[in-house]
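Enquirer: quick one: sequence plus predicted model below, questions after.
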Amino acid sequence: MELITVNLETCNQDGICAAVCPAGILELKDGAPLPIDAANELCIRCGHCVAVCPTASLSHVDIPLENCTPIVKELGISAEQTEQFLRSRRSIRQYKDKSVEKAELNKLVDIARYAPSGHNSQPVEWLVLGDKAELKRLSGIVVEWMRWMLTNMPDVASSMHMDRTVARYENGYDVVLRDAPAVIVAHAHKASRVAPAACNIALTYLELASTTMGMGACWAGYFNAAATTFPPMIEALELPQDHQAFGSMMVGYPKYRYQRMPSRNEPQITWRL
């Protein structure tokens, strides 16, 4: 099959598809967009060409037109709504004693997969944890890592307040995973240069999406630090060979509702206009 097909009867020959193609694989011939000879090798399968066509005249063999959901203009949000949504985001550390259904977690991941990644490589894979006993066991392993850090790297451990964290854990407070009903781990091949940014951007998408679904989230920093350096934790997660956890997120239903948007430091900007 052809990489890109164009319905010449409906194409209005505006050249927009060629203009937005990041790889420059489309060229106009007699007004019609046609792929260059090396298009199949150079195409990054981003779908820009299919998404931008105002007359739905172009389709991609790997991104068929019929699989591309039209954008509903009425669902767009205003600048004011966007500002409040982003400024009101809170890191949730107190959760209701309520599990999150698999379908809801799957929806979060499904949204997060649309996050951008370098060269559209889409390297992110996911581990979703929701068994209470397993989460408790993993929290314990993280605390074991903290004890190791306090003994072997005391300066680093003290700077991260691990002594206090261990003490609180021993007193019955799960300050590792905050009794969250679910933890989502974004992982990818450890040799991928784009993986760290891709995983973090995807998790940010997931965190923001959780708010719109009545949930909340928080980055699991201690958990992920152990997941990248502590052999017992690496073994417990059982990620694919040569994969690394690049970010982890606690997810659940917030126990409390926030009422205001706290201020932040003024941005430090160097202007060169």
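Expert: Done, it's in. Keep in mind it's a predicted model, so treat the numbers as computed, not measured.

Enquirer: which strand residues bridge the residue lying closest to Leu203 once chain neighbours are set aside?
Expert: Take Leu203 and drop its neighbours on the chain: the residue closest to it by C-beta to C-beta, 6 or more residues apart in numbering is Gly247, 4.6 Å away. Every C-beta, even on glycine, is put in place using the N, C-alpha and C of the backbone. Under DSSP bridges, the beta-bridge partners of Gly247 are Ala186.

Enquirer: I figured Gly247 was touching Ala195, is that so?
Expert: No - assessed by C-beta atoms under 8 Å, Gly247 is found out of contact with Ala195, at 10.0 Å.

Enquirer: mind giving me the domain split of this structure?
Expert: Domain assignment for the chain, taken from automatic domain parsing, gives 4-67, 90-252.

Enquirer: highest mean neighbour count out of those domains?
Expert: domain 90-252 (a mean of 18; mean count of other C-beta atoms under 10 Å).

Enquirer: averaged pLDDT, that one. What do you get?
Expert: If you average the pLDDT over domain 90-252, you get 97.

Enquirer: how much space separates the residue nearest to Leu203 from Arg87?
Expert: For Gly247, the distance to Arg87 equals 22 Å [C-beta to C-beta, to the nearest Å].

Enquirer: residue contacts, Thr165?
Expert: Contact partners of Thr165, counting by C-beta atoms under 8 Å, 6 or more residues apart in numbering, are 143, 146, 175-176, 222.

Enquirer: so is it in a helix, a strand, or just coil?
Expert: Of the three states, Thr165 takes helix under DSSP: H, G, I helix; E, B strand; the rest coil.

Enquirer: thinking again about what came up before, the contacts of Thr165 in strands, which ones?
Expert: Assignment to strands by DSSP state E places none of these there.

Enquirer: mind listing the helices for this structure?
Expert: 16-20, 39-42, 48-52, 79-87, 102-112, 132-152, 154-159, 162-170, 195-212, 221-229, 231-237 (DSSP state H).

Enquirer: which secondary structure elements does the fifth one contact?
Expert: Okay, so that is helix 102-112. Applying 3 or more C-beta pairs under 8 Å, 6 or more residues apart in numbering; DSSP states H and E, one finds that helix 102-112 makes contact with strand 125-129, strand 182-189, helix 195-212.

Enquirer: now distance to Cys49 too, for those, in CSV please.
Expert: As requested, these are exported to CSV (distance: least, C-beta to C-beta, whole Å):
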stretch, distance to Cys49
strand 125-129, 27
strand 182-189, 27
helix 195-212, 22
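
Enquirer: wait, which of these is closest to Tyr169?
Expert: strand 182-189 (16.2 Å; C-beta to C-beta).

Enquirer: so Met146 makes contact with His161?
Expert: No - counting by C-beta under 8 Å, Met146 stays clear of His161, with 9.8 Å between them.

Enquirer: ok, now which ones touch the residue nearest to the spatial centre of the chain?
Expert: Nearest to the geometric centre of the chain sits Ala202, at 1.3 Å (C-alpha atoms, centre = their mean). By C-beta under 8 Å, 6+ apart, the residues touching Ala202 are 112-113, 115, 117, 124, 186.

Enquirer: closest one to Pro154 out of those residues, please.
Expert: Ala186 (30.5 Å).

Enquirer: Glu74 versus that closest one, what's the distance?
Expert: Relative to Glu74, Ala186 is positioned 32 Å away (C-beta to C-beta).

Enquirer: noted, bye for now.
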